[in-house]
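Novice: I'll drop the sequence and a predicted model, then ask my questions.
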Number of protein chains: 2
Amino acid sequence: MKISELAATTGVSVATLKYYLREGVLPPGRALTRTSAEYGEEHVERVRLVRALTGIGGLSLATTRRVLEEIAQPGTSRTDVMGAAQRALVGAEYVPDPGDGGALEPSSRARTWLAGRGWRVHPEDPVIDELDAAWEACEAAALGVDEERMDAYAQAVLEVAAVDLASVPATPGGAVRQVVLGTVLVDRVLLLLRRLAQQHLAMGEGE
Amino acid sequence: MKISELAATTGVSVATLKYYLREGVLPPGRALTRTSAEYGEEHVERVRLVRALTGIGGLSLATTRRVLEEIAQPGTSRTDVMGAAQRALVGAEYVPDPGDGGALEPSSRARTWLAGRGWRVHPEDPVIDELDAAWEACEAAALGVDEERMDAYAQAVLEVAAVDLASVPATPGGAVRQVVLGTVLVDRVLLLLRRLAQQHLAMGEGE
């Protein structure tokens, strides 16, 4: 299909599609002449993915490009895809080699706490550094988020992750889509549910 | 203290403090002369709150102002503060009167589901509309987030909310701070924990 048809199918303007092409989040079509190209179903799928990530997902186009690049690596297993998507979403530059994992060293509060829980996560994963920073911000704000409260949060989040993982399909293509979109879109669902759950419990308290 | 001392105490430049004053996120000091004003401890506290919300919280200055306005209403109970902070954070314009609550009507998928769970939330709360939109985005992305999966998420999030609520102090001032900062800063902690929990469970799966 032509770019005008791609626009009609996806509901995204030709100007925006050209912007996506320039920014590298949409791969070029197959050149027909010097000024026109042919687009396929994979382009429709990609435009929808970009819209979901930048729209409800709230990602910048730069982050979207990084996520798309990360998950484009060949031979990515379900675990690899999940890790790559996570790191890209956190905005980390450094991607640890999946093979060089070791034990968590108690070199930071989050690492010590994670090691104590026996969580198997890559010790150099930048997500842990982000967790340290976020925890420190809670401490600086005197929110009283201590190890005990983190344990309670971790227990609840493990249940969320178990549901997440059970829903990831075994096919690589499907897994990429599910992990990236599931991470971004379901984050929003969980955040909103937390608000409503707080309200529900607070209402009960007021009676 | 003078504005230069407020800057030294908070580590925020005088230029930024003047910007906060212009944007209305920092209330004016007590005028001493035509060009100088006196600032107090409440200004130090406010600057720190603004920094936390715009920094690790990732809020825009416009959202920060809306949050601060919402929670400045007098006579706010713990439930009211929570609701006001939530609505401001979601970016909703409409704030329902806390008194006009009624039963949830099955007028949308989220309302039907929430009513089925017996959750006591304000039926006109814009957070519900946001949940409808987020759920719809999951559906559009074919993520398979059905009622059953929502039930599983809700169960886990209720545990999170119970921990949240238990940590809110009974004093109004403390409650405002705790709810606003707790909502924004702990959202980030939970999001990061979800990534690590996924990784932990996926690692176990790969063995």
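Specialist: Good, I have the coordinates. No experiment lies behind these values; they were computed from the predicted model shown.

Novice: what's the angle between the helix or strand harbouring A:Val186 and helix B:172-206?
Specialist: Counting by DSSP states H and E, the element that carries A:Val186 is helix A:172-206. Helix A:172-206 and helix B:172-206 are oriented at 150 degrees to each other (axes from the mean of the first three to the mean of the last three C-alpha atoms, to 10 degrees).

Novice: Tell me where chain A has helices.
Specialist: Listed in chain order, the helices of chain A (DSSP state H) span A:3-10, A:14-23, A:41-54, A:61-70, A:78-90, A:109-117, A:126-140, A:147-166, A:172-206.

Novice: what's the neighbour count on the nearest residue to A:Ala37 once chain neighbours are set aside?
Specialist: Among residues not flanking A:Ala37 along the chain, A:Gly29 sits closest, at 3.3 Å (C-beta to C-beta, 6 or more residues apart in numbering or on different chains). From N, CA and C alone the C-beta is placed, and that goes for glycine too. Counted by other C-beta atoms under 10 Å in any protein chain shown, the residues lying close to A:Gly29 total 19.

Novice: how about A:Gly29, phi and psi?
Specialist: Main-chain torsions, A:Gly29, degrees, to the nearest 10: phi -80, psi 180.

Novice: before we move on, what about the one 5 residues further on?
Specialist: Geometry field for A:Arg34 lists phi and psi as phi -70, psi -30, criterion degrees, to the nearest 10.

Novice: Output the below-cut-off pLDDT ranges for chain A.
Specialist: Residue ranges of chain A with pLDDT under 70: A:56-57, A:70-102, A:169-177, A:203-207.

Novice: that older thread, could I get the helices of chain A in CSV, plus columns for mean neighbour count?
Specialist: Output for these, formatted as CSV (neighbours: other C-beta atoms under 10 Å in any protein chain shown):
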stretch, mean neighbour count
helix A:3-10, 16
helix A:14-23, 14
helix A:41-54, 19
helix A:61-70, 19
helix A:78-90, 23
helix A:109-117, 18
helix A:126-140, 20
helix A:147-166, 19
helix A:172-206, 21
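
Novice: Could you dump these into JSON lines with distance to B:Asp151 added?
Specialist: Formatted as JSON lines, the helices of chain A follow (distance: least, C-beta to C-beta, whole Å):
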{"stretch": "helix A:3-10", "distance to B:Asp151": "33"}
{"stretch": "helix A:14-23", "distance to B:Asp151": "37"}
{"stretch": "helix A:41-54", "distance to B:Asp151": "24"}
{"stretch": "helix A:61-70", "distance to B:Asp151": "29"}
{"stretch": "helix A:78-90", "distance to B:Asp151": "24"}
{"stretch": "helix A:109-117", "distance to B:Asp151": "26"}
{"stretch": "helix A:126-140", "distance to B:Asp151": "28"}
{"stretch": "helix A:147-166", "distance to B:Asp151": "10"}
{"stretch": "helix A:172-206", "distance to B:Asp151": "11"}
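
Novice: so A:Cys138 makes contact with B:Asp187?
Specialist: No. With contacts counted by C-beta atoms under 8 Å, A:Cys138 stays clear of B:Asp187, the gap being 10.8 Å.

Novice: From B:Glu38, how far out is A:Asp164?
Specialist: Applying C-beta to C-beta, to the nearest Å, the value for A:Asp164 to B:Glu38 is 53 Å.
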